[in-house]
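**Q** let's see this in three dimensions:
(one chain, ligands or ions: 2)
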Amino acid sequence: MGYSNVEWLAGIKKTRQRQSVLSVLEGSSVPLSAGDICAQVRKDGEKVWLSTVYRILELFVKKGIVTKISMLNNDFAVYEMNRFEHKHYAICLSCRKVVQMDNCPMEKFIPQLEDNDFYVTGHKVEIYGYCKKCNTQG
Ligand SMILES: [Zn+2]
Ligand SMILES: [Zn+2]
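**A** Ligands and ions are numbered 1, 2, ... in the order given. Prediction:
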């Protein structure tokens, strides 16, 4: 069940633009870039600037509602609802399509660290290449 079905998020002022951004993210099964979200909000008939979408997204990320996934050395970021799942993605270098990975390459990996007492809480894995469509175009 999404946030739109419950009371509005505590501690966040409710605006139509924020609602629109959230409902776009809720309705998507794949992570979206700020540009994608902006285009979708506009398609739904709401006037919004890309800079506003970024500000809303940063707010949601800070509040833990939305997860930001940075890829390609932070050159590209996508956002998705924080569903508290452990997931990784691959990104197409040509069209920037984001493809979900079904497994975790780090699952059985034990890092050899100089600090034996280092307590590992998470990891990032970045896979990039060309999606089916881009790979067959030339
Ligand atoms: Zn592609
Ligand atoms: Zn993993």
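**Q** low-confidence ranges, this structure, go.
**A** For the chain, the stretches with pLDDT under 70 are 1-7, 138.
**Q** the longest helix in it is where?
**A** Ranked by residue count under DSSP state H, the longest helix found in the chain is helix 50-62.
**Q** for it, packing partners?
**A** Contacts defined by 3 or more C-beta pairs under 8 Å, 6 or more residues apart in numbering; DSSP states H and E place helix 50-62 against helix 16-26, helix 34-43, strand 66-71, strand 76-81. In short, each C-beta sits where N, CA and C put it, glycine included.
**Q** for these, give me a markdown table that also has distance to residue 57 and mean neighbour count.
**A** A markdown table is the format used below for those (distance: least, C-beta to C-beta, whole Å; neighbours: other C-beta atoms under 10 Å):
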| stretch | distance to residue 57 | mean neighbour count |
| --- | --- | --- |
| helix 16-26 | 7 | 19 |
| helix 34-43 | 6 | 18 |
| strand 66-71 | 6 | 17 |
| strand 76-81 | 5 | 19 |
